[in-house]
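Q: I would like the atomic coordinates for the input below:
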Amino acid sequence: MKLCFFIDDITHTGGIERVTSNLVLQFSKDQKGLDIEIVSQFRSSEKPWYPFDCKINYLSEKNYDAKPHSISRITTVLGNINAVRKYFKNHHYDVIIAQSFPNVFALFIAGVDMSKVIATEHVYYGYYNTMLKKLRLFIYKRCKKVAVLTSADKDCYDKYFRSDHTVLIPNPVVVPEYFHSDLDNNIAIAMGRIQYQKGFDTLVDVFAMVHKKQPNWKVYIYGDGNFRDDIERHIKECGMENTVMLKGRTDDVPSAMREASFFILSSRFEGFGMVIAEAMSQGLPVVSFDCPTGPSDMVKSDINGILVKNQDKQALADAICYMIENTEKRKEMGKNAVNTAKEFAGDIIAKKWYSVFEIN
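A: Coordinates of the predicted model:
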């Protein structure tokens, strides 16, 4: 069986690229007869940030680092349609996993046989406007399957498709080992691509509130992206230079997690929130907004973390202060978090994909 992962830019450092790496490595380990290739529309960096053990084909050497929904990004995608059409006319795959709607759209416009395409969603159902949602439904109906990350999203698609057309497959969380961190350092951690979606500007505001009660605590933000300058400016405006630290990218996520005592997710929305499960795998309890979608599938208040009303800054600040002030409860939730993370182990998630591929 010949399998293709079709993605906008495999050299980016976001969650989709990390998920693709995890799946490729797990599939290669489990299925020796599976011939896997990655087709990347663009190439912003010389090489991928994450490890792969398969062939990568780049359709363009253009940079794809414009902001989401920007005119620059839209014109770049549309300008690449001929390259997509030409490539798939000359290369055969049994299954194409298209990572996110813009890539599914590109395949559709390019005239690719959609019955071979698994549309993989990485944002919540309501992410797009009404017109784009209708277009997405029109195209997804023609796909082999639609893979979604959360139960809430499956419920949304099931209103329009037969129930077996949409499959619930969470992202895999692959870590060197599960670990019970000490949770004794005066450090909280956040992690993700620095974009508007991740709400790091909100986190700065929230931690300024926390700082008034807990001046000895800091928050480390790991990641990079096209909103970094905005966040740096906001940190200075709030006078939080010695409290909120932008640590940049890291290729050793577990070590970064183990340095902290709990994880904070301040996103405006998520597709899944894989970083939550990664934090839990290292024994960190999680404080998170109940944003659409993903956190509520993983974070259970008073068990492995605290889930608060979406975008309620005061509620998030209060939850952070509770986590800081209640050391024993924090450690109890951290122990439970490891068990939650194991539900998303790579081999378990891979079996869900094999069922879709109809292989053992």
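Q: from here on, contacts and neighbour counts on C-alpha atoms
A: OK.
Q: lowest-pLDDT helix or strand in the protein?
A: helix 71-78 (a mean of 79; mean pLDDT, DSSP states H and E).
Q: now the next helix or strand after that helix: average pLDDT?
A: Scanning forward in sequence from helix 71-78 by DSSP states H and E, the next helix or strand is helix 81-90. Confidence for helix 81-90, expressed as mean pLDDT, is 97.
Q: got the buried residues for helix 81-90?
A: Applying a neighbour-count criterion of 16 or more other Cα atoms under 10 Å, one finds 81, 84-85, 87-88 buried in helix 81-90.
Q: how about the CA coordinates for that helix, as CSV?
A: Extracted C-alpha coordinates of helix 81-90, given in CSV (Å, rounded to 0.1, in the frame of the first residue of the first chain):
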residue,chain,number,x,y,z
ILE,A,81,-2.4,24.6,-7.8
ASN,A,82,-0.7,23.7,-11.1
ALA,A,83,2.2,22.2,-9.3
VAL,A,84,-0.2,20.1,-7.2
ARG,A,85,-2.1,19.0,-10.3
LYS,A,86,1.0,18.0,-12.2
TYR,A,87,2.5,16.1,-9.3
PHE,A,88,-0.5,13.9,-8.6
LYS,A,89,-1.1,13.3,-12.3
ASN,A,90,2.3,11.7,-12.4
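Q: shaky segments in this protein?
A: 66-70, 360 (pLDDT under 70).
Q: break it into its domains for me.
A: 2-173+346-357, 187-342 (automatic domain parsing).
Q: looking at the ones you listed, which is nearest to residue 179?
A: domain 187-342 (4.5 Å; Cα to Cα).
Q: ok, which stretches of this protein are strands?
A: 2-7, 35-40, 55-58, 95-99, 117-120, 145-148, 166-168, 187-191, 218-222, 244-248, 262-265, 286-289, 305-308 (DSSP state E).
Q: closest to residue 32 out of the buried residues of helix 81-90?
A: Nearest member of the buried residues of helix 81-90 to residue 32, counting by Cα to Cα, is residue 88, at 24.0 Å.
Q: and for the closest one, nearest residue in space, chain neighbours not counted?
A: Of all residues not flanking residue 88 in the chain, residue 112 sits nearest, at 6.8 Å (Cα to Cα, 6 or more residues apart in numbering).
Q: list the residues that contact that neighbour.
A: 85, 88-89 (Cα atoms under 8 Å, 6 or more residues apart in numbering).
Q: let's have the residues you listed in CSV, adding distance to residue 229.
A: CSV is the format used below for those (distance: Cα to Cα, whole Å):
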residue, distance to residue 229
85, 37
88, 38
89, 42
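Q: return the set of buried residues in stretch 25-45.
A: 25-28, 35-45.
Q: didn't residue 191 look like it was pressed against residue 223?
A: Yes. The pair residue 191 / residue 223 is scored as a contact, 5.9 Å apart, by Cα atoms under 8 Å.
Q: higher neighbour count, these two?
A: Counted by other Cα atoms under 10 Å, residue 191 and residue 223 do not tie: residue 191 has more neighbours, with 27 against 19.
Q: dump the strands of the chain into CSV; add distance to residue 333 as well.
A: What follows is the strands of the chain, written out as CSV (distance: least, Cα to Cα, whole Å):
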stretch, distance to residue 333
strand 2-7, 36
strand 35-40, 39
strand 55-58, 41
strand 95-99, 33
strand 117-120, 32
strand 145-148, 28
strand 166-168, 27
strand 187-191, 15
strand 218-222, 19
strand 244-248, 24
strand 262-265, 10
strand 286-289, 9
strand 305-308, 6
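Q: can you check which of these gets nearest to residue 108?
A: strand 117-120 (9.6 Å).
Q: packing partners of the closest one?
A: Judged by 3 or more Cα pairs under 8 Å, 6 or more residues apart in numbering; DSSP states H and E, strand 117-120 is in contact with strand 95-99, helix 101-109, strand 145-148.
Q: centre of the chain to the second one, how far?
A: The gap between where helix 101-109 is centred and where its chain is centred comes out at 20 Å by Cα atoms, centre = their mean, to the nearest Å.
Q: what of the shortest one?
A: How far strand 145-148 lies from its chain's middle: 16 Å, per Cα atoms, centre = their mean.
Q: pull up the pairing partners for it, direction included.
A: In the sheet, strand 145-148 lines up against strand 117-120 (parallel), strand 166-168 (parallel) (DSSP bridges).
Q: out of these, indicate the one that is most buried.
A: Of all these, strand 117-120 has the most neighbours on average by mean count of other Cα atoms under 10 Å, namely a mean of 26.
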